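Visitor: Return a 3D structure for these sequence lines:
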Amino acid sequence: MVLTNGLAKRQNSWALDISTAGYDTDSLIGWLYEKGTQIEHGEITDDSFLFDWQQHPDPDCDLSSEQAVRDAVRVAYRGAGEHVDLDRIVARFYEIPEYEWRRYYLNQFTPTARAWLPTGAWHACRAPDGEPPPAGTSIVLGFDGSYSGDSTALIGATLGPNPYLFVVGCRERPEGREDWLVPREEVRAVVDRAFERWKVREFACDPPGWFREIDEWAEQYGGKVVVKYPTNNVKFMSEVCSRFYSAVVGREVRHDGDPRLARHLANAILKETVNGSYITKESRHSAKKIDLAVAAVIAYDRALMAKPVARPRLIWLHEI
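Guide: Next up, the predicted model:
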């Protein structure tokens, strides 16, 4: 950090950072890794940033046998030459915890003990095509909004016992923009397009900061249902987070593979209280956002419960 801060003062300077993966993405290497993956996925552009990260591409790769471990090492170390001692690396798999082995020898970031979802569980639920459902499909929408600083997220989900989750929209604060405010008109436009494209049976919203818009949406969409979703109720959220967790681990939910949603889920940690456990950020001021994760939990919960209604209504799902 000190060296790169100093180099920033000099023209035509550059720095080379070398590291293996870690367990804390809220760290210097974690920030560099996240920026690099955002560039790779086309989320941001920075021609001054070279990102060359070699790792095993499958976070849920098979390690159930010695041969499977050996094959995983060959994939991760492709092109490394004959100097790599495969036998010793395979032996280390049985000498240290798996999450440590994945970090050191597959170069995969692994969650801390407080992380919510198990390594590879979300990736295993990815649908093959990753496309939004066809126009006219009955869906529910989960909305987690913020005023500034965080991000605002909208997730869609098909109805039924095995919902398909897909990112409808997400607005995140750009890097370095401390004065950034959520573009509310853009968010409203995304919501409007969603209602035009699909049959929205329920629109569940985390209300803080968006009460006026929620009331207006309730008046606007006729026979559609607009719901204020009580994310501040710990007991209620612990129940819905538990159902979402079980669905992911049991592969009873599918998703579109959006890297932003995967990142927000990876950022989520489990906070335990006397009233139950629910997802939250690592700290109040952490730059690691989880808004898409919250919206996904909301959408999944309502996809299991949603039913068509005859007239619009504005309700509270749970007494606070």
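Visitor: alpha carbons only for contacts and neighbour counts from here, please
Guide: Noted.
Visitor: ok, A121 to Y245 distance?
Guide: 9 Å (C-alpha to C-alpha, to the nearest Å).
Visitor: ok, now which ones touch R243?
Guide: Listed by C-alpha atoms under 8 Å, 6 or more residues apart in numbering, the contact set of R243 reads D301.
Visitor: Recalculate using a threshold of 10 Å.
Guide: 237, 297, 300-301 (C-alpha atoms under 10 Å, 6 or more residues apart in numbering).
Visitor: which one of the residues you listed sits closest to Y94?
Guide: V297 (35.9 Å; C-alpha to C-alpha).
Visitor: mind listing the helices for the stretch 1-150 of the chain?
Guide: 2-7, 28-40, 66-76, 86-93, 98-105 (DSSP state H, counting those that start in this stretch).
Visitor: Those into CSV, with extra columns for distance to L270, mean pLDDT and mean neighbour count?
Guide: What follows is the helices of the stretch 1-150 of the chain, written out as CSV (distance: least, C-alpha to C-alpha, whole Å; pLDDT from 0 to 100; neighbours: other C-alpha atoms under 10 Å):
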stretch, distance to L270, mean pLDDT, mean neighbour count
helix 2-7, 33, 88, 10
helix 28-40, 20, 90, 16
helix 66-76, 30, 91, 17
helix 86-93, 28, 90, 15
helix 98-105, 18, 84, 18
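Visitor: Who are the contact partners of the nearest residue to S19 once chain neighbours are set aside?
Guide: Ranked by C-alpha to C-alpha, 6 or more residues apart in numbering and with sequence neighbours excluded, the top spatial neighbour of S19 is I29, at 7.3 Å. When contacts are counted by C-alpha under 10 Å, 6+ apart, I29 is found next to 17-22, 35.
Visitor: coming back round to it: how about CSV for the helices of the stretch 1-150 of the chain, with distance to D215 added?
Guide: Formatted as CSV, those follow (distance: least, C-alpha to C-alpha, whole Å):
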stretch, distance to D215
helix 2-7, 47
helix 28-40, 35
helix 66-76, 52
helix 86-93, 56
helix 98-105, 47
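Visitor: With I290 as the reference, name the closest of those.
Guide: helix 28-40 (14.2 Å).
Visitor: residue boundaries of the strands in the stretch 201-320 of the chain?
Guide: 226-228, 254-255, 269-273, 276-280, 314-316 (DSSP state E, counting those that start in this stretch).
Visitor: quick one: contacts for V90?
Guide: Contacts of V90 (C-alpha under 10 Å, 6+ apart): 66-73, 101, 105.
Visitor: now it: how far from D71?
Guide: 10 Å.
Visitor: and what of F236?
Guide: Distance from F236 to D71, by C-alpha to C-alpha: 44 Å.
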